[in-house]
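K.L.:
got a predicted model here, sequence first, then my questions.
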Amino acid sequence: MNRRNLEPWRGSRLRRSFYARPVLTVARELVGKVLVHRSAEGTTAGRIVETEAYRGPHDRAAHSFGGRRTPRTEAMFGPPGHAYVFFVYGMHWNFNIVTGRVGEPHAVLIRAIEPLAGLELMAERRRMQPARVELTNGPGKVCQALGITGAQYGRDLCKDPLFLNEGSAGRVMRSRRVGIDYSGVWAERPWRFFEADNAYVSRVPRRSMLNAT
DNA sequence: GAATAGATTGTCT
DNA sequence: GACAATCTATTCT
């Protein structure tokens, strides 16, 4: 265990240029990176192990489909490296990272992380025991564990207190995205990326749906 | 282990 | 009024 793993917030921070690239590239490369949130309650951090790319205005599954630009989706149209946070199903927050160019409404959903620091605080927020994969194996769970809500909407992820650091991943696989069956052919696109054999990945697809990257 | 139902509210039609 | 980039508990096999 090196110092970076013990104190993940000390790592090398990802720069704006990392996010200012095509959304599929960023989604793929975000697997293995370290997400850190330093809040008043304490610091929590984890390795990203599962992501999904959303690519409006053409992608029917994206909230920015058709160029829909409202107070809710505004952040997706803004500069890369900022947070797009939304509330869904009446009770869960989801955290995304805006990518690409200004005016291009693309973002990457963070679906799962492997906890690195602040496990006790995560467990407290999640109201469960710390040594369980259910702590952070889903997009709503990640937000609850890290204390991410609408208060973080639009925040610059190149600055404190919510930011990403360098990290590395094992083998990365891809599959169709989760929970967007209403979007027709767009649901088939292999725009979900995850680390192979990681226990914190929210759902392991059938072998026939898998692709190596 | 898989399938299903229920919770609960912001957003848009 | 309908629906949603989800989670949890429950009820099956």
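P.N.:
Nice, I can see it.
K.L.:
just checking: what are the partner strands of the longest strand anywhere in chain A?
P.N.:
Using DSSP state E, we find that the single longest strand of chain A is strand A:42-55. If you go by DSSP bridges, strand A:42-55 pairs up with strand A:34-39 (antiparallel), strand A:106-117 (antiparallel), strand A:192-195 (antiparallel).
K.L.:
need the next SSE after the second one, C-terminal direction.
P.N.:
Toward the C-terminus, strand A:106-117 is succeeded by helix A:119-126 as the next helix or strand (DSSP states H and E).
K.L.:
any part of the longest strand of chain A near DNA strand C?
P.N.:
Yes: using CB under 7 Å from any atom of the strand, strand A:42-55 reaches DNA strand C at A:52, A:54. Yep, even glycine has a C-beta here, placed from its N, CA and C like the rest.
K.L.:
is that strand anywhere near DNA strand B?
P.N.:
No: Strand A:42-55 stays clear of DNA strand B (CB under 7 Å from any atom of the strand), getting no nearer than 14.6 Å.
K.L.:
got the buried residues for that strand?
P.N.:
For strand A:42-55, the neighbour count (16 or more other CB atoms under 10 Å) marks A:43-55 as buried.
K.L.:
need the pLDDT of the residue of chain A found nearest DNA strand C.
P.N.:
Distances between chain A and DNA strand C by CB to the nearest atom of the strand are smallest at residue A:179, namely 2.0 Å. In this model, residue A:179 is scored at 95, pLDDT.
K.L.:
write out the residues of chain A neighbouring DNA strand B.
P.N.:
Applying CB under 7 Å from any atom of the strand, we find that chain A lies next to DNA strand B at A:68, A:70, A:71, A:72, A:73, A:87, A:89, A:90, A:91.
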